[in-house]
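J.: Give me a model of this one.
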Amino acid sequence: EVQLQASGGGLVQAGGSLRLSCVASGLRVDDYALGWYRQAPGKEREGVGCISSSDGSTVYADSVKGRFTISRDNGKNTVFLQMNSLKPEDTAVYYCAAGGGCSGSVIYWGKGTQVTVSS
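T.: Residues are numbered from 1 along each chain as shown. Modelled structure (predicted):
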């Protein structure tokens, strides 16, 4: 059974930082593209960024580019989302997901973690 468990969310002031973790079981994080998504209240889920399985290259949404960084620890089978310079509009439930490629469909979704940024 594949499980993706996101953690590390919380309440932080604007300008602060958080690091989210996504621990995978039932799959190897270097065999899949691992993406981060978020959904704010009343809004559709949107992609935040992704790290490819092939070469570890990353892509980001324009709204987070330069502030968020995705990395991967194959030994811990974990993907991270480092979020810096957080803004109130970053408030959302964050999910990690695994798929065949960063531009492809998601195969597995994980449970989310809440991030709240206060102004």
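J.: if I pick Met83, what's in contact with it?
T.: In this structure, Met83 makes contact with Ser17, Leu18, Arg19, Leu20, Val64, Arg67, Phe68, Asp90, Val115, judged by CB atoms under 8 Å, 6 or more residues apart in numbering. (Glycine included, C-beta is placed from N, CA and C.)
J.: list the buried ones in the host helix or strand of the last one?
T.: Take DSSP states H and E as the rule and Val115 turns out to sit in strand 113-118. Of the residues in strand 113-118, those with enough neighbours to count as buried (16 or more other CB atoms under 10 Å) are Thr113, Val115, Val117.
J.: who does it touch, helix- and strand-wise?
T.: strand 10-13, strand 18-25, strand 92-99 (3 or more CB pairs under 8 Å, 6 or more residues apart in numbering; DSSP states H and E).
J.: Need the CA coordinates for the first one. PDB is fine.
T.: In other words, strand 10-13. What follows is strand 10-13, C-alpha atoms only, in PDB (Å, rounded to 0.1, in the frame of the first residue of the first chain):
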ATOM      1  CA  GLY A  10       1.600  25.100  11.500                       C
ATOM      2  CA  LEU A  11       1.000  28.700  12.200                       C
ATOM      3  CA  VAL A  12       3.700  31.200  11.300                       C
ATOM      4  CA  GLN A  13       3.900  35.000  10.900                       C
END
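J.: That strand pairs with which strands, parallel or anti?
T.: strand 113-118 (parallel) (DSSP bridges).
J.: on that earlier part again, okay, the helices and strands packed on strand 113-118, which one's buried deepest?
T.: Most buried of these by mean neighbour count (mean count of other CB atoms under 10 Å) is strand 92-99; its value is a mean of 23.
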